[in-house]
Structures are given as structure tokens and as C-alpha cells.
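**Q** here is my input; please provide its structure:
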Amino acid sequence: MDKSMPGISVAAKQQSQLHHRHLDHPEILDSIHLFKKIMMSCYGPQGRLKMVQNSAGGHVTVTSSASRLLQVLSVSKPVIKIIVAAVQSHVAVYSDGGLLTAAFTSSLVESALKLNLNRLILVEVYENLLKITLEYLNSAECPCKVKLDLGSIGAMLSLTRSIMSSKPGCCMLDSDISHISTLILQVFLKSIPDQSQVVTGDDHGDVLQYLCVEGKPVQDSHLIDGVLFEQPNIVTAQQLSIKHTNSVVYRNKIKVALVNVSMSGDSTEFIHAKYEVMQENVRVSDAVMQRIMVIAQQFVKDDVGVICCQKVIHPKIKGFLKENGVLIQDRLGSRFTKALQKLSGASPIGSFHYGPSSADYGWLDDVSYKTIGQKTYLHFFNQSSPVSTLVLCNRQEETLEELKNQCMTANHVLWMTLQHPEALYGGGCWEICVTKYLQNWVYQNQGSVVEEIGCTKSAFITAADSFIRCLYSTAMSLDHDGGDHVTDSTNHHHWSLPPGLPSNCDWSKLLTHCSCGRISNKDADLKFEPLQQCSDTFFSQTMESEECDKSLESVEVGECVLDSFVTRINALKMAVGTAAMILRTGNFICDTN
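**A** Numbering: from 1, shown residues only. Purely as a prediction, here's the structure:
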């Protein structure tokens, strides 16, 4: 750069300033504790909402969802960035369980750094207990797991309701939750493929589209078969005069061509070509446009009624197609392009080197216009396709965004149940049940594990105690009002008590159902003990699994709070793996220049 140029100052090169912090530095410990506190305070249906705004002002995000919160939360400490990246990676694949991943990871790291133990021993114990936990949860004898029957509407609706009710930022009543859950389950059941089709977790995003309408009550939300695309230029129905085919097979249907490259003359497929111009005053762009015009003429010849382009169509091409009665929709974007591909069965045309074949075209039953919330939309409809649009309504912008996020999560979780038709009893019950099993396992196997790991018995007990406390603390974090937590000695489920009970109160009479709703206090003579007391007597009691199995057979699954099995399993794996990586780290080095 020329230093003589006016208005430009060149800063002198400064020497790098490296700063390093040990993992147990008080500043890092404080940041981990604060992050854990934020994540745990968001956990569950009574979680506290967070309002996030950057230092320059602007949009305010109100949420208790891990995916939305971590997108707008600015973190600077390297250890927190590692945890955030792990949580976002989990949410990107599974959608659900982000808060559990964040809370459990930060709890394990914070607890380990407070212990005077070799961190490699802690990591080995954590990974060993994770292995035992996964074996227990995957076993057929696990009492906190339930098989989901896709034919049971009650069980599937219970899973959907559990997800929709977990975020208070949606501001929904029970009737609203039931209404939205029914809509989500309805479109899921409609889109279940037959046995000949391969089920993948990526299919869920193309089958269900979302249209948000602000200012209306949640009860106004509804499903519309097909895809809606905003088109403000449409005013009257007379403008939608679309050609229908007279084919014997597809009589009165609309032929659709789907293009995913630009039709404006700037197609990238010609960018590396070499041209030899034989005549003067001939431009390459004109030659490209001539080729696109040939493709457009082919569309007209093939009796195409609708042309949808992911990118832009040149005005000249638009004028030609409109003159021949073809409806044009460009600037779709990748999301709508995939939806229309699924809706019509068309194959996207990605090259102009070759003309379209009959196999590239798709079919629609009708194209009309709809007015929703004072906006006009093109409605693409195909009765034989499962693609639907969920029109979501809510009073405010942020509650609408939170609702949309939860609907996307619920839809994704339902699709994952096709491959993993299992669930865990929610409300903190499966966490408490697992901690009780781990207590029993450690008590019975501590001798052999100590020899395998090569540590003292007291070190192993301390490390195992740390892991178990962190797991059951996630269950206790579901309450944010200072209430007490108890467990029954038979089933080892989680029970919550309201805060402020007098010391002489017989609180066992206040307990009607456990937190997941699976166990009723009226069905059996249950004995309860506070969780705080249980935590002080780790490894001194054993589980009575036979009694647990018998008592769980009399309650309908549809009445329960359920957690997705596959998301919780991966959350545990991600949390322990991330905590192990952090605990193996000695120093964090930063260049502040």
C-alpha cells in the first residue's frame, strides 16, 4: 500500500502478546460457573427466560432455548467456546437436548476442577461410568425406558407435548400446547414413508414448511396441504390462468419445471469455458441468453405450466414465457426449491448444455393464491404429496420465533423415532433412576474397577461421586422456585415438592404423581426420602429393580412426560467427551494483539 496516499495511516507492526491461563485459574472457574448457572436456569418448563441484546442495542432475543440462546450469546473464554461449540454440534444433528448437554458438561468440568485428584483419573472414571450408563439405558431391563409404538397416538402425542411444553417463551396455555402438538403429529403421520423407502433424519425439513403470522392467537394456527410462497404482485384470481395438460395419464394436472441455476445469463456453468468469437459485435452473454431461450422454448413445447427457478430469471425470458401462458416463480431459494421438488416430484435442472427430458418434470394438482395475515401467497398443491405448510400464529415476534423453533424440534424428534422408537421418562425421573443404578453398581464393583484403573479406592469413590452428583443435579435444576426434591425407594423416580413447606408438614400426602406422571402415590404404599439426604449416603444402598418393573406396568404411557431417547444418549456422550477433552487441557494461550 502506498504510504503517500492521503487519508490512509499505516499502523506500526506490534509484537504479539501471549497470555496463558491454567485450567483451574479463578477467572476460568468463574466463567464456567456462570455459564452453568445460565444454562441450568433455562432448563425445563419453568425455566427462566433470557433477554439478550448486544452492546450497540438493536434486536432483543427472548428465549430459554439452547439453540437460539447460543446463537446470540457472545463468549470470550476459550473453555466456554469449546462447550458452546459442542452444544451447537449436538443441536445441529439432534435439535433437542442442548441444555442438558451444556449443563452436564459444565457441571462435570466445574466439579472436577474443585477436586484434588489427578484429572486423568477423573477422565477415566467419567468415561467408565458413561459406558455403564449407556449399557444400562440400552438394556431391555432398564425401567426408565419405554418402547414407542408408532400406532399408539397417545404415546406419540405425549412425546410431542413434552417437547412443546418445555419452553415457557412460547407463552402457550394447555389448550394451545395440545392444539400445536396435534398439528405436528398430524403432519408427521401423514408423511411416514412406506416400508420400501429408506428413512433418513434429513427428510423432516422438506416435508413440513413454516409460515409465521404475528399478532394472532395460537389457536389460529393450522395446516395447509402444499407449499406457500409469498407473491405480493398477485391481486386477483384472474391473473392465475395456468395451462393444464391434456395427457391421458396426467389429465388436468399442471406440468412443473424446476431449475436450480440462474436463468439471467450469468450461469456459473460457463465460467471456465473458452470462447472463440467468429463474428464481430457478438458477446458471450448474448450467446448464453440464446441457449437459455432455447431451453425456454423447449418448456413451452413440452406444455409446461409452471416454471420455478431457485435463482433469477431474465426479464426477456420472463416475457417470452408469460406470453405463452407459463406461470413463473423465481428467487425461490434452496429451502423452497427442495420443498417443491418433494411436492411435485420434479428433478432440478442444473445445466443448460442439454435440454430437459420428460423425467425432469413434475406435476401439481393446482396453483392458486391465498391471503393470510394481509399477505398474498402462491399456493402449490399436490394431493398425493405429504408436503404441508404449518401456519404458526402467536401474539408477539419473539414468542412466535420460540414456537417455530420448538415445532421444528418436535418434528425432527418424531422423525428420529422412526429409526429409534424409544423414549425415557422425563421430568428428571430417568436421571434419578440412572444415578441410583450407578450408586449400586459402584458399590458392588469398586474393587475390580480400582484394580483396572490403577487408583486408590478413595479416589475412585470421589470421582464417581462427582459424576453422579452432576447427573442428578440436572434433574434438580428443573425446579427454579426453591422447592424440595424427593425420590421413592421402590421406583427411584423424581418427585417435586412446593417451596416453603413447614417442618412439621406430612409432605408425603402432597405427592400425587412423580414428575413424569408415570408413578402414582395412590397406587402403592411408597416410601420417600429427600434427594439431598440420598446424596450424602451414596454407595450405601442397592436398587430393588424387580419391584420397580412390576409397579410400572399399570400406567398408560400416553399420560407421561417423555424425553427423546436418542437425543439424551448423544447428549451424555457429547457432555462427557467434551468434559474429558477440557480436563486433558493444561493451559489456554491467547494472543491479545
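**Q** secondary structure element holding residue 92?
**A** helix 78-94 (DSSP states H and E).
**Q** can you give me the strands for the stretch 151-300 of the chain?
**A** With DSSP state E, counting those that start in this stretch, the ranges of strands along the stretch 151-300 of the chain come out as 208-214, 222-225, 227-230, 254-259.
**Q** let me have those strands in CSV, extended by mean pLDDT.
**A** Formatted as CSV, these follow (pLDDT from 0 to 100):
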stretch, mean pLDDT
strand 208-214, 95
strand 222-225, 96
strand 227-230, 93
strand 254-259, 94
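**Q** so which of those strands is the most packed in?
**A** Highest mean neighbour count of the strands of the stretch 151-300 of the chain: strand 254-259, a mean of 25 (counted as mean count of other CB atoms under 10 Å). The way it works is simple: take the backbone N, C-alpha and C, and place the C-beta from them, glycine included.
**Q** could you list every helix and strand in contact with it?
**A** strand 306-309, helix 333-344, strand 362-364 (3 or more CB pairs under 8 Å, 6 or more residues apart in numbering; DSSP states H and E).
**Q** tell me how far the shortest one lies from the chain's centre.
**A** Remark: strand 362-364 is offset 31 Å from the chain centroid, using CA atoms, centre = their mean, to the nearest Å.
**Q** list of residues touching it?
**A** Residues from elsewhere that reach strand 362-364 (CB atoms under 8 Å, 6 or more residues apart in numbering): 250, 253-258, 305-306, 340-341, 343-347, 380-382.
**Q** over to the longest one?
**A** Counting by CB under 8 Å, 6+ apart, helix 333-344 makes contact with 205-207, 209, 226-227, 229, 256, 258, 260, 308, 310, 332, 346-348, 362-364, 380, 382, 385, 387, all of which sit outside it.
**Q** go again with 7 Å.
**A** Under the contact criterion CB atoms under 7 Å, 6 or more residues apart in numbering, helix 333-344 has outside partners 206-207, 209, 226-227, 229, 256, 258, 260, 308, 310, 348, 362-364, 380, 382, 385, 387.
**Q** can you list the buried residues in it?
**A** 336, 337, 338, 339, 340, 341, 342, 343, 344 (16 or more other CB atoms under 10 Å).
**Q** hmm, back to that, mind checking what helix or strand follows the helix holding residue 92 in sequence?
**A** Heading C-terminal from helix 78-94 (DSSP H and E), you reach helix 98-114.
**Q** so for that next one, what's the average pLDDT?
**A** Mean pLDDT, computed over helix 98-114, is 96.
**Q** and it, what does it pack onto?
**A** When contacts are defined as 3 or more CB pairs under 7 Å, 6 or more residues apart in numbering; DSSP states H and E, helix 98-114 packs onto helix 26-41, helix 66-72, helix 78-94, helix 119-138, helix 457-476, helix 565-583.
**Q** what's the angle from it to helix 565-583?
**A** Orientation note: helix 98-114 sits at an angle of 30 degrees relative to helix 565-583 (axes from the mean of the first three to the mean of the last three CA atoms, to 10 degrees).
**Q** could you list the residues in contact with helix 98-114?
**A** Outside of helix 98-114, the residues within contact range by CB under 7 Å, 6+ apart are 23-24, 29, 32-33, 35-36, 39-40, 42-43, 66-67, 83, 86-87, 90-91, 119, 122, 126, 466, 469-471, 473-474, 477, 568, 571, 574-576, 578-579, 582-583.
**Q** which of those residues count as buried?
**A** Those of these that meet the buried threshold are 23, 29, 32-33, 35-36, 39-40, 42-43, 66-67, 83, 86-87, 90-91, 119, 122, 126, 466, 469-471, 473-474, 477, 568, 571, 574-576, 578-579, 582-583, by 16+ other CB under 10 Å.
**Q** of all the helices and strands packed on strand 254-259, which lies closest to residue 511?
**A** For the helices and strands packed on strand 254-259, the distance to residue 511 is smallest for helix 333-344, at 47.5 Å, taking CB to CB.
**Q** next one: that closest one to chain centre, how far?
**A** Remark: helix 333-344 is offset 21 Å from the chain centroid, using CA atoms, centre = their mean.
**Q** next: stretch 92-109.
**A** 12 Å.
**Q** give me the buried positions along it.
**A** Buried, per 16+ other CB under 10 Å, within stretch 92-109: 94-109.
**Q** and those residues, which two are the farthest apart?
**A** Largest separation among these by CB to CB: 95 and 109, giving 24.3 Å.
**Q** residues contacting residue 291?
**A** Counting by CB under 7 Å, 6+ apart, residue 291 touches residue 352.
**Q** residues contacting stretch 219-230, please?
**A** Residues outside stretch 219-230 that contact it (CB under 7 Å, 6+ apart) are 176, 179-180, 183, 186-187, 209, 211, 329, 336, 339-340, 343, 370, 375, 377-382, 387-393.
**Q** same check, this time on stretch 515-523
**A** With contact meaning CB under 7 Å, 6+ apart, stretch 515-523 is reached by 425-429, 488, 491, 493-496, 511-513, 551-552, 554-555, 559-561.
**Q** how about residue 485, nearest residue that isn't a chain neighbour?
**A** Counting by CB to CB, 6 or more residues apart in numbering, residue 485 lies nearest to residue 531, which is 4.3 Å off, once chain neighbours are set aside.
**Q** for the stretch 351-500 of the chain, give me the ranges with low pLDDT.
**A** Within the stretch 351-500 of the chain, no stretch falls below the threshold (pLDDT under 70).
**Q** just the strands from it, written as ranges.
**A** Here the stretch 351-500 of the chain has its strands, by DSSP E, counting those that start in this stretch, at 362-364, 366-372, 375-381, 388-394, 422-425, 484-488, 494-497.
**Q** okay if I get those as JSON lines plus distance to residue 139 and mean neighbour count?
**A** As requested, the strands of the stretch 351-500 of the chain are exported to JSON lines (distance: least, CB to CB, whole Å; neighbours: other CB atoms under 10 Å):
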{"stretch": "strand 362-364", "distance to residue 139": "47", "mean neighbour count": "24"}
{"stretch": "strand 366-372", "distance to residue 139": "49", "mean neighbour count": "15"}
{"stretch": "strand 375-381", "distance to residue 139": "48", "mean neighbour count": "19"}
{"stretch": "strand 388-394", "distance to residue 139": "37", "mean neighbour count": "23"}
{"stretch": "strand 422-425", "distance to residue 139": "12", "mean neighbour count": "25"}
{"stretch": "strand 484-488", "distance to residue 139": "21", "mean neighbour count": "22"}
{"stretch": "strand 494-497", "distance to residue 139": "21", "mean neighbour count": "24"}
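**Q** among these, which is nearest residue 156?
**A** Taking CB to CB, strand 422-425 is the member of these nearest to residue 156, at 9.6 Å.
**Q** what pairs with that closest one, parallel or antiparallel?
**A** strand 145-147 (antiparallel), strand 562-564 (antiparallel) (DSSP bridges).
**Q** give me the contacts around the last one.
**A** In other words, strand 562-564. For strand 562-564, contacts defined as CB under 7 Å, 6+ apart pick out 96, 158, 159, 162, 413, 416, 423, 424, 425, 426, 430.
**Q** who are the contact partners of the last one?
**A** For residue 430, the contacting residues are 144, 424, 563, taking CB under 7 Å, 6+ apart as the criterion.
**Q** let me know the closest of these to residue 216.
**A** residue 563 (31.0 Å).
**Q** where does the stretch 1-150 of the chain have low pLDDT?
**A** Residue ranges of the stretch 1-150 of the chain with pLDDT under 70: 1-13, 16.
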